[in-house]
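J.: structure, please.
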Amino acid sequence: MTLTDRILNRTLLRRQHLLRRSELPVPRMCEHLVGLQAQDVTPPFIGLFSRTVDFDPAAVSVGLTERSLVRITLMRATIHLVTPPDALRIAPHVQPELEKIPFRRGFNGGAMVGLDPEEVRARGERALGAEPTPAAQLRLRAAAEYPDRDPGAVVQTWLYQLPVLQTPPRGLWRDNSRPTWSRVEPWLGEPLRPGYPLAELVLRYLYAFGPASTMDIQTWSRLVGIKEAVLRLGDRVRTYTDERGRTLYDPADAELADPDLPAPVRFLGWYDNVYLSHQDRRRIVPDGAAPPLRHMAAQVAPILVDGYLSGIYKIVTDRTRARLRISPLRAWTAAERAEVEEEGAALLAFLAPEREPAIELLSAGADLRA
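T.: Below is the predicted model:
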């Protein structure tokens, strides 16, 4: 069966709870999505606001404080908001690839080339110890251990070499504190679980992002052995073909969405996984163009209109106002403009209820920073 991009779009949106907000509690939503992108503090809150009925941001803050949620480096070497079981079982898959990064010549200009990785790791274990350690303190310890090396590069190396997570207060609602790091096992009081099958992780990806090709799964995970993992799933998956002739895999019991389903406007956080987790992004990005990642580094984020990335936005605040600046990526109908403004007003009320809201609908290509 051949699946059109429109079928793939509506299926992805439904599985991501972007067609209709869900009543899933935050931990279950995180598990279903195999984590929420949390490289910055605000995006997972926006992602949950756009996916969850009456989302209360305190649910994330309480989860992080009570350790029922954690912020940890996982897929694509980026921070994700996940449950402790997922931290413990996904980290062993990711860790071997993370550990290769610091000793490549391209890492910080070759700052760690020539050092023995095992010795660096041992010093990192001593530096991190068993208690959460602020990043500034880690830099001081790195400078003491390697006075002839860039302490920032040494700290980054330790954070790649060792399974670590960010502890509160960073990640709490509206708390953009500098990171404090802890090794995973002391913080969660449990050992890592290296026996979690890669095939099970792949199947979970398909429930949240499928149908998808092996290269889509590779793009999402940056893990090796994806083709073999898919084969091990056997009759637990079925196959389709997309409009470009690629083989797509999907859980055998998963349903496809009606391509004629309406898709409401949704504002997403910068780096949301929904548009970064496929090699072929045409199911959500028109023409498959790469999302504007350079803009997203400046906290510019996408807007979905009729299910596709059709605009970008940035929120600029001062002491009294919150300005939502919007730039369309295509011409919008009057109805689409009205829906964008309505959803944008709801987002402002969520993120900055104490400030006077202002929505500025700009021309395509306008500078959102002004």
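
J.: would you confirm that D250 contacts A208?
T.: No: taking C-beta atoms under 8 Å as the contact criterion, D250 and A208 are not neighbours in contact, 11.4 Å apart. In short, each C-beta sits where N, CA and C put it, glycine included.

J.: for L12, give me its contacts.
T.: Taking C-beta atoms under 8 Å, 6 or more residues apart in numbering as the contact definition, L12 lies against 209, 274, 283-284.

J.: and the contacts of stretch 204-220?
T.: By C-beta under 8 Å, 6+ apart, stretch 204-220 touches 3, 8, 11-12, 15-16, 32-34, 75-76, 202, 221, 226-227, 230, 237, 240, 242, 246-251, 254, 256, 273-274, 276-280.

J.: return the distance of the longest strand along the chain from the chain's centre.
T.: As far as residue count goes, and with DSSP state E defining each element, the longest strand of the chain is strand 308-317. For strand 308-317, the distance between its averaged C-alpha position and the chain's averaged C-alpha position is 17 Å (C-alpha atoms, centre = their mean, to the nearest Å).

J.: neighbouring strands for it, and are they parallel or not?
T.: The partner list of strand 308-317 in its sheet, established with DSSP bridges, is strand 301-305 (antiparallel), strand 321-328 (antiparallel).

J.: show me which residues of stretch 306-314 are buried.
T.: Buried residues in stretch 306-314, counting neighbours by 16 or more other C-beta atoms under 10 Å, are found at 307-314.

J.: what's it in contact with?
T.: Applying C-beta under 8 Å, 6+ apart, the set of residues contacting stretch 306-314 is 9-10, 13, 263, 267, 275, 284-286, 291-292, 295, 298-305, 324-330, 332, 336, 340, 344, 368-369.

J.: of those residues, buried ones?
T.: The neighbour-count test (16+ other C-beta under 10 Å) applied to those identifies 9-10, 13, 263, 267, 275, 284-285, 291-292, 295, 299-305, 324-329, 332, 336, 340, 344, 368 as buried.

J.: could you check how far the spatially closest residue to T167 that is not a sequence neighbour is from L188?
T.: Nearest-residue entry for T167: P132, 4.4 Å, with adjacent residues in sequence omitted and distances by C-beta to C-beta, 6 or more residues apart in numbering. Summarising the geometry, the distance separating P132 from L188, computed by C-beta to C-beta, to the nearest Å, is 12 Å.

J.: ok, back up a step: could you point out which of the contacts of L12 is nearest to L140?
T.: If you rank those by distance to L140 using C-beta to C-beta, V274 comes first, at 39.3 Å.
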